[in-house]
Each structure stands twice: as structure tokens, then as C-alpha cells.
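Asks: structure for the following, please:
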Amino acid sequence: MIKQTKQIRQPSRGMTLLEVLIALAIFATAAISVIRAVTQHINTLTYLEEKTFASMVVDNQLALLHLGKSLSSTKKGKEEFAGKTWYWTAKPVKTGMDLIKAVDVSVSTDSQRKNSILTVRTYVKP
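Replies: Reported below is the predicted structural model:
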């Protein structure tokens, strides 16, 4: 007699194409989110670094202003700091009292001084 054997089908052990595509879509979404977060972090660091260095340039100019004579007209200049050229403008501002004078010091990285990174106002004795 011939014995007939039934073959039992074993479940497949690999992933189907649909499962692979879904996993790839999930990974791509997560990767895009990580890239966006890193890019935003780098942009924020660059902004903060520029703002900090501009603040130091303003502090230098204010110290020179307090040490020197009174400013009667707008004064412009440039300063090398932290490997960059910074363009500053010191502009006197009229106040309501003659006993005190205001001075605005602005700093930018472009020579046209169109986009000021930081502007600080200080008060000095005339």
C-alpha cells in the first residue's frame, strides 16, 4: 500500500512587501522630523551666537563712549571681532533734559547697515 502524506504548509517567516513599505514610511516620517528639529536647533544657535557677539561689540563701543568725549554727531565704524567684521553706528538722541543725553549704538554685519542685529540705548552726561 502506498501511504499518502499530507504536506502541512508552514507560515512564512519573512515580511511581506506591504509590511516593508509601511515600515519604510514610518521611518521616513521619523527621519524628516529629526532633520527638521536639528535644522531648527542649528538656526537658533547661529542666531544666539550672532546676538551675543553683537552685544559684545555694543558693549565695547559703549565703554569707549563713556571713556571719551561727548558724542555730538552720528559716528560710524567697524570692528573685527570673533572672526567677523561688525559695523556699528553711534547716534546721539535728543532728550527732554539738558543734563542727560541719549546715545543709540546699533550693530550689523552688512556694510550698508540696513539690518541691525542689536540696538542699545545708553544715557551719558554731556
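
Asks: need the longest strand for the protein.
Replies: Using DSSP state E, we find that the single longest strand of the chain is strand 84-93.

Asks: quick one: that one to chain centroid distance?
Replies: Distance of strand 84-93 from the chain centroid (Cα atoms, centre = their mean, to the nearest Å) equals 20 Å.

Asks: any buried residues in the next helix or strand after it, and which?
Replies: As assigned by DSSP states H and E, the chain's next helix or strand after strand 84-93 is strand 101-108. Within strand 101-108, the residues scored as buried using 16 or more other Cβ atoms under 10 Å are 101, 103, 105-108. To be clear about C-beta, it is placed using only N, CA and C from the backbone, and glycine gets the same treatment.

Asks: what's strand 101-108 packed up against?
Replies: On a contact count with 3 or more Cβ pairs under 8 Å, 6 or more residues apart in numbering; DSSP states H and E, strand 101-108 meets helix 17-67, strand 84-93, strand 118-124.

Asks: contacting residues around that strand?
Replies: Outside of strand 101-108, the residues within contact range by Cβ atoms under 8 Å, 6 or more residues apart in numbering are 54, 57-58, 61-62, 65, 70-71, 86-95, 113-126.

Asks: how big is the angle separating it from helix 17-67?
Replies: When axes from the mean of the first three to the mean of the last three Cα atoms, to 10 degrees is applied, the directions of strand 101-108 and helix 17-67 differ by 140 degrees.

Asks: point out where the chain drops to low pLDDT.
Replies: Scanning the chain for pLDDT under 70 picks out the ranges 1-8, 10-12.

Asks: geometric centre of it: which residue is closest?
Replies: Taking Cα atoms, centre = their mean, the centroid of the chain lies closest to Y47, which sits 1.8 Å from it.

Asks: from F53, how far out is that residue?
Replies: Computed as Cβ to Cβ, to the nearest Å, the Y47 to F53 distance reads 11 Å.

Asks: now, among the buried residues of strand 101-108, which is nearest to T16?
Replies: Ranked by distance to T16 (Cβ to Cβ), these are led by S108 at 59.0 Å.
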